[in-house]
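Trainee: my questions concern the predicted model and sequence given below.
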Amino acid sequence: MTEDSTIYGIADDPVLGKYISHYPGERLRLLIIGGGVLAVVWFVTTVLLWSVEDEGLAATITVVIVAIATLGVGWYIAHLWNREVILYAGGFSYREGSQLAFLQYSEVNEFRQRAERVSYFGGLVRRTIYEIQITTNAGEQITLGNFYKRVDEMSLQLESRITDALLERAQATLSQGERVQFIDQLAVSVDGIHADNLMLPWTDAATPQVENRQMVITTREGETWYRAPLKDLPNARLLLALFRQYTVQEDPTA
């Protein structure tokens, strides 16, 4: 049992297998946001009613407005309070409010990730914004982000395990002589990379590089052959895995 399992009392799943890790929502952050909103509502209401001569009327209006705001903030917090992701060896569970879904990694069709470093107050405060989009074989979509604790770790864990399942499926597809499609303009086969009705043989392809938020595919001579924005490219790690599998690797001892 892991430390998380000891803390949260999470057992292995009979279908998804051994428990790996747990990523609950940032509940303290929710409480801080909710408290901040209510404080602003109370302050603005007090200022606006400052000139009202009837103190009883002003107090009643203040109570009504704060009560309505409290209901709204309470609904918002309750809607997000129980969100969590639990990873197992063979899949993961995703809770959103009263809805709970269990998914095997093999049920995922697309994994997209965006990580952007932003700064505030002239660079004094810096943080990384994560956005993870998961699409299942049935077309269902799950969006995860900075609301979850240790989202960077969760992203790496999910992408690695989903990619392993996607790679197994891709290898089966390629072995049957079919292409693995990434976007409309980009696919791979056992012969090479296909883009815009052109084909780059594996023997002429180099390992892709990430530049300016784009996946750049080059020839072994260093010429740019194709560019794809990462935000539009699902399963980027799968593409890299296929490149490692099919391209001719340089001998580091040569």
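Mentor: Received, thanks. Numbering: from 1, shown residues only.
Trainee: all strands of this protein, in order?
Mentor: Secondary structure of the chain, counting by DSSP state E: strands at 19-24, 84-88, 91-96, 99-104, 108-120, 125-136, 141-145, 180-183, 186-188, 192-195, 198-201, 209-211, 214-218, 224-229.
Trainee: export the ones you listed to JSON lines and tack on distance to residue 44 and mean neighbour count?
Mentor: Placement of C-beta: from N, CA and C, glycine included. Converted to JSON lines, these look like this (distance: least, CB to CB, whole Å; neighbours: other CB atoms under 10 Å):
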{"stretch": "strand 19-24", "distance to residue 44": "33", "mean neighbour count": "19"}
{"stretch": "strand 84-88", "distance to residue 44": "34", "mean neighbour count": "21"}
{"stretch": "strand 91-96", "distance to residue 44": "32", "mean neighbour count": "18"}
{"stretch": "strand 99-104", "distance to residue 44": "35", "mean neighbour count": "14"}
{"stretch": "strand 108-120", "distance to residue 44": "24", "mean neighbour count": "15"}
{"stretch": "strand 125-136", "distance to residue 44": "25", "mean neighbour count": "15"}
{"stretch": "strand 141-145", "distance to residue 44": "29", "mean neighbour count": "14"}
{"stretch": "strand 180-183", "distance to residue 44": "47", "mean neighbour count": "18"}
{"stretch": "strand 186-188", "distance to residue 44": "51", "mean neighbour count": "20"}
{"stretch": "strand 192-195", "distance to residue 44": "55", "mean neighbour count": "20"}
{"stretch": "strand 198-201", "distance to residue 44": "60", "mean neighbour count": "14"}
{"stretch": "strand 209-211", "distance to residue 44": "46", "mean neighbour count": "11"}
{"stretch": "strand 214-218", "distance to residue 44": "45", "mean neighbour count": "18"}
{"stretch": "strand 224-229", "distance to residue 44": "42", "mean neighbour count": "15"}
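Trainee: looking at the ones you listed, which is closest to residue 45?
Mentor: Among those, the nearest to residue 45 by CB to CB is strand 108-120 (28.1 Å).
Trainee: average pLDDT for that closest one?
Mentor: Average pLDDT, strand 108-120: 81.
Trainee: other SSEs contacting it?
Mentor: Judged by 3 or more CB pairs under 8 Å, 6 or more residues apart in numbering; DSSP states H and E, strand 108-120 is in contact with strand 125-136, helix 151-175.
Trainee: pick out the shakiest of these, pLDDT-wise.
Mentor: Taking the mean pLDDT of those, strand 125-136 comes last: a mean of 83.
Trainee: identify the residues contacting stretch 24-37?
Mentor: With contact meaning CB atoms under 8 Å, 6 or more residues apart in numbering, stretch 24-37 is reached by 8, 69, 73-74, 76-77, 80-84, 146-149.
Trainee: ok, now with 6 Å
Mentor: 73, 77, 80, 83-84, 147-149 (CB atoms under 6 Å, 6 or more residues apart in numbering).
Trainee: of those residues, which one scores lowest on pLDDT?
Mentor: Pick the lowest pLDDT in the contacts of stretch 24-37 and you get residue 80, at 70.
Trainee: which ones are touching it?
Mentor: Contacts of residue 80 (CB under 6 Å, 6+ apart): residue 30.
Trainee: return the distance of it relative to residue 101.
Mentor: 16 Å (CB to CB, to the nearest Å).
Trainee: got the helices and strands packed on strand 108-120 as CSV, with distance to residue 31 columns?
Mentor: Formatted as CSV, the helices and strands packed on strand 108-120 follow (distance: least, CB to CB, whole Å):
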stretch, distance to residue 31
strand 125-136, 19
helix 151-175, 19
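Trainee: what's the burial count for the closest residue to residue 138 other than its chain neighbours?
Mentor: Nearest non-adjacent residue to residue 138, counting by CB to CB, 6 or more residues apart in numbering: residue 107, 7.7 Å away. Close neighbours of residue 107, defined as other CB atoms under 10 Å, add up to 15.
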